[in-house]
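A.B. asks: below is the sequence, then the predicted model.
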Amino acid sequence: MSFPWANEYKPQSAVTKWVDERLPLPRLVYNAIGAGYPVPRNLNYFWNFGVLAGVALVIQIVTGIVLAMHYYASVEGAFNSVEHIMRDVNAGWFVRYAHMNGASFFFIVVYIHIFRGLFYGSYKAPREMIWLLGVVIFLLMMATAFMGYVLPWGQMSFWGAQVITGFFSAIPLVGEPLRQLLLGGFAPDQAALNRFFSLHYLLPFVIAGVIILHIWALHIPGSSNPTGVSIKGEQDTVPFHPYYTAKDGFGLGVFLIAFVAITFFTPNLLGHPDNYIPANPLSTPAHIVPEWYFLPFYAILKAFTVNFGIPFTGIVLIEAKLMGVLAMFGSILLLFFLPWLDTSPVRSGHYRPLFRKFFWYGLIPSLVVLTYCGAQPPYTQWVVLSQVAAAYYFAHFLIILPIVSRIERPLPLPNSITEAVTGKPLQTATA
Amino acid sequence: MVRLIAFLVGVFFSGMLLIGLVDTVVGAIKEPALPTAEHEFHKTPKAVSFAHDGPLGKFDTAQLQRGLKIYAEVCSACHSLKLVSFRDFAALGYDEDQVKAIAKGWKTEVPSLNPETGEPATRPAIPADKIPSPFANEVAARAANNNALPPDLSLITKARANGPAYVYSLLIGYENGQPAELLKKFPDAKTPDGLHYNPYFANLNIAMAAPLTADDQVTYDDGTKATKQQMAKDVAAFLTWTAEPKLENRKSAGWAALGFLIIFTVLAWMSYKSIWADKKH
């Protein structure tokens, strides 16, 4: 952290002094989340969600480790071992429901965290690396969540695994062998279940590692803020502790109330009834749908219905299925290029009238529509709606944003954070 | 360069989606999706309320006992309840001796070995046993049921949307043959032989014959009048318990957790306000 006014760590006791001289861990904590980390004074509640995502990961790891003590990764025993946890393990129902709903809440807070970044331009210089690492975390989360959903070996587990690994078979030539290599067989079976369990246990710790890099990268430029104006001096900041620890404590309370309300009073609301039916490779469910947090991407996958080829010759260059798979992965991978697609020097959407319109009236509705359509059976109206929304989604990031950032005339920015907060002009040298 | 490539990719994906859109609309106009009997005649479950509904709801143990009786005397002829043990019936208000008696008197015995010869045999159940299944295996179950497999009922109310209401509606939803309107509109959708018309079942035709056929089919020990509705409701409540035996623990722990968290959050809010009192933000 390079702000010259950041407090330097001064050990308060002989013990911390002794430790700090040998391993500066107290210093690290102090400068990372203590009084030694100056943070813009004007952060709103959307800045709570990074900490909440970290808490959600901890909840998942702690409950997950306990579940793994009782879970049995076998195609014969997995389903019953989950029911054993629900029925016979002390407080097992709580641990299992907390893990199940914890995944949903992890995605809820991460999605809000991502949209905070999208609206306030947190991906822009000098914070591109934080954004890139964030996209990596998001991809790891999706892989982890998918493999976790397979573990109870219910109908949606099995058929979800069948569909998702089926994506790979869309790749020309190597697709089918690749799919078999990933599954360890021709269809999801014991080999697949074992490796999914192994990776589901591994990936959260990889996520934790990338989060350390994410936070490290954050502490080089420091936090952004709702005005998007860089910090000009000490008056623009407050120390993280106690100011933001207190605010995060309150945010955590609200988050946990919502989490507890769902987990204890309607624990299966976000799940699918079919996953309480044991996996049966011979019986396909009427509608295979992923968990809600994958629905927009699933809708994009299904929205591609025509082959790409040379007109009137019947020659197909890219099949619709492959294109759907490419687009689905592309819809996330394009986020890696966002810092170079949006070239406006103004970060915050508050001061970007045109960007803001496309954000609120274009991007957000298109994602709501995609989420809704992703859960619907393939009737014409839902296919058409998701085609419109998916077309907008790609156009928004790949076409509209670069053009908007070129032609837009931003509103005048405040001179400083303090000015924006107090309404008084910044008194620089005289102060 | 990044923006140029992005532009081309964007035009390609969005363009293919818009072509697909035209294709979908043209396809839908040329060959409109035909209505199906399932689509038009399927009914969502009837509204029904239970004592265990809502965040404060608790099981009505008398009702669960009646439901167990329905399961034991009617459902268990075909449907297993593999995830439930006899010892779990203590939660229905039975004492240890009663649980032992229920296990011992269960009409299906538990597969076992003859201790002298090692030949397959059966023995009476004990409280530690799971409820024995009516059929030895899937082949036997299908053979006895016109090739249909009666599903295990342990989790049925969680494995169906709006499960308790679904079970209740399905049990009393049988109709005497298909509505004339349906046959007029969909002559091909005639219920196949050996199946039974039930508008609450996903594809309208269910292999199970109506299990609750008449009032007083079962005689309740507590004197409750055993109407078909009453029996259906009692067994739906019982199957809610088998699917979620920890429902009451869950709700009471939920209130404790909420109470704690509300106090925590109020305190956190007060300290947030007092710490920030001198800072405009």
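C.D. replies: Happy to help now that I have it. Numbering: from 1, shown residues only, chains lettered A, B, ... in the order given.

A.B. asks: what packs against the helix or strand containing residue B:5?
C.D. replies: Assigning secondary structure by DSSP states H and E places residue B:5 in helix B:2-30. Judged by 3 or more Cβ pairs under 8 Å, 6 or more residues apart in numbering or on different chains; DSSP states H and E, the packing partners of helix B:2-30 are helix A:320-333, helix A:338-341, helix A:380-395, helix A:401-407. (Glycine included, C-beta is placed from N, CA and C.)

A.B. asks: which of these is buried the deepest?
C.D. replies: Mean neighbour count (mean count of other Cβ atoms under 10 Å in any protein chain shown) peaks for helix A:380-395 among the helices and strands packed on helix B:2-30, with a mean of 23.

A.B. asks: my read: residue B:173 touches residue B:41, true?
C.D. replies: No. Using Cβ atoms under 8 Å, residue B:173 makes no contact with residue B:41, being 11.7 Å away.

A.B. asks: overlap of the contact sets of these two?
C.D. replies: residue B:199 (Cβ atoms under 8 Å, 6 or more residues apart in numbering or on different chains).

A.B. asks: ok, now which ones touch residue A:347?
C.D. replies: Residue A:347 neighbours (Cβ under 8 Å, 6+ apart): A:120-122, A:124, A:224, A:228.

A.B. asks: now do 6 Å
C.D. replies: A:121, A:124, A:228 (Cβ atoms under 6 Å, 6 or more residues apart in numbering or on different chains).

A.B. asks: ok, the first one to chain B distance?
C.D. replies: Computed with Cβ to the nearest Cβ, to the nearest Å, the distance linking residue A:121 and chain B is 17 Å.

A.B. asks: kindly report the same for residue A:77.
C.D. replies: 13 Å.

A.B. asks: tally of neighbours for that residue?
C.D. replies: The local packing of residue A:77 (other Cβ atoms under 10 Å in any protein chain shown) involves 13 other residues.

A.B. asks: what sits against it?
C.D. replies: Counted by Cβ under 6 Å, 6+ apart, residue A:77 has zero contacts.

A.B. asks: let me see the ranges of the strands in the stretch 101-250 of chain B.
C.D. replies: With DSSP state E, counting those that start in this stretch, the ranges of strands along the stretch 101-250 of chain B come out as B:110-113, B:120-123, B:196-197, B:205-206.

A.B. asks: ok, chain A next?
C.D. replies: For chain A, the strands defined by DSSP state E occupy A:38-40, A:237-239, A:308-310, A:315-318.

A.B. asks: turn the ones you listed into CSV, including mean neighbour count.
C.D. replies: Shown next, in CSV, are the strands of chain A (neighbours: other Cβ atoms under 10 Å in any protein chain shown):
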stretch, mean neighbour count
strand A:38-40, 23
strand A:237-239, 22
strand A:308-310, 13
strand A:315-318, 12
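
A.B. asks: okay if I get those strands as JSON lines plus distance to residue B:222?
C.D. replies: Formatted as JSON lines, the strands of chain A follow (distance: least, Cβ to Cβ, whole Å):
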{"stretch": "strand A:38-40", "distance to residue B:222": "65"}
{"stretch": "strand A:237-239", "distance to residue B:222": "67"}
{"stretch": "strand A:308-310", "distance to residue B:222": "69"}
{"stretch": "strand A:315-318", "distance to residue B:222": "68"}
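
A.B. asks: for these, give me JSON lines that also has distance to residue A:263 and mean pLDDT.
C.D. replies: Formatted as JSON lines, the strands of chain A follow (distance: least, Cβ to Cβ, whole Å; pLDDT from 0 to 100):
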{"stretch": "strand A:38-40", "distance to residue A:263": "31", "mean pLDDT": "94"}
{"stretch": "strand A:237-239", "distance to residue A:263": "34", "mean pLDDT": "94"}
{"stretch": "strand A:308-310", "distance to residue A:263": "45", "mean pLDDT": "86"}
{"stretch": "strand A:315-318", "distance to residue A:263": "43", "mean pLDDT": "87"}
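
A.B. asks: could you list every residue that touches residue A:35?
C.D. replies: A:7, A:239, A:241.

A.B. asks: for the stretch 51-200 of chain B, which residues are neighbours of chain A?
C.D. replies: B:55, B:83, B:155, B:158-161 (Cβ under 6 Å from any Cβ of the partner chain).

A.B. asks: can you pick out the most distant pair from the residues you listed?
C.D. replies: Of all pairs drawn from these, the greatest distance, 25.2 Å, lies between B:55 and B:83 (Cβ to Cβ).

A.B. asks: can I get the helices and strands packed on helix B:2-30 in JSON lines including distance to residue A:149?
C.D. replies: Formatted as JSON lines, these follow (distance: least, Cβ to Cβ, whole Å):
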{"stretch": "helix A:320-333", "distance to residue A:149": "17"}
{"stretch": "helix A:338-341", "distance to residue A:149": "28"}
{"stretch": "helix A:380-395", "distance to residue A:149": "22"}
{"stretch": "helix A:401-407", "distance to residue A:149": "32"}
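
A.B. asks: with mean pLDDT added, can I get the ones you listed in TSV?
C.D. replies: Output for those, formatted as TSV (pLDDT from 0 to 100):
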stretch	mean pLDDT
helix A:320-333	95
helix A:338-341	97
helix A:380-395	96
helix A:401-407	96
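
A.B. asks: enumerate the residues of the stretch 51-200 of chain A near chain B.
C.D. replies: A:83, A:93.

A.B. asks: helices along the stretch 51-200 of chain A, start to end?
C.D. replies: For the stretch 51-200 of chain A, applying DSSP state H, counting those that start in this stretch gives helices covering A:78-87, A:92-120, A:128-150, A:155-166, A:175-183, A:190-218.

A.B. asks: output the contacting helices and strands for the shortest one.
C.D. replies: Right, the one you point to is helix A:175-183. Using 3 or more Cβ pairs under 6 Å, 6 or more residues apart in numbering or on different chains; DSSP states H and E as the contact criterion, the elements in contact with helix A:175-183 are helix A:155-166.

A.B. asks: check the offset of the helix it packs on from the chain's centre.
C.D. replies: Relative to the chain's own centre, helix A:155-166 is displaced by 22 Å; criterion: Cα atoms, centre = their mean, to the nearest Å.

A.B. asks: ok and it relative to helix A:190-218, angle-wise?
C.D. replies: Counting by axes from the mean of the first three to the mean of the last three Cα atoms, to 10 degrees, helix A:155-166 lies at 70 degrees to helix A:190-218.

A.B. asks: grab the nearest non-local neighbour of the closest residue to chain B within the stretch 1-150 of chain A.
C.D. replies: Relative to chain B, the nearest point of the stretch 1-150 of chain A is residue A:93 (4.3 Å; Cβ to the nearest Cβ). Nearest non-adjacent residue to residue A:93, counting by Cβ to Cβ, 6 or more residues apart in numbering or on different chains: residue B:246, 4.3 Å away.

A.B. asks: number of nearby residues for the residue nearest to residue B:194 when sequence neighbours are not counted?
C.D. replies: Nearest residue to residue B:194 in three dimensions, chain neighbours excluded: residue B:146, at 5.0 Å (Cβ to Cβ, 6+ apart). For residue B:146, the count of nearby residues is 11 (other Cβ under 10 Å).

A.B. asks: again, but for residue A:61
C.D. replies: Residues near residue A:61, counting by other Cβ under 10 Å: 17.

A.B. asks: for it, give me its contacts.
C.D. replies: Per Cβ under 6 Å, 6+ apart, neighbours of residue A:61: residue A:204.

A.B. asks: show the pLDDT at it.
C.D. replies: The model reports residue A:61 with a pLDDT of 98.

A.B. asks: where's it relative to residue A:55, distance?
C.D. replies: 11 Å (Cβ to Cβ, to the nearest Å).

A.B. asks: ditto for residue A:102
C.D. replies: 10 Å.

A.B. asks: what's next to stretch B:19-32, contact-wise?
C.D. replies: A:305-306, A:380, A:383-384, A:387.

A.B. asks: now that stretch: how far from the chain's centre is it?
C.D. replies: Using Cα atoms, centre = their mean, the offset of stretch B:19-32 from its chain centre is 38 Å.
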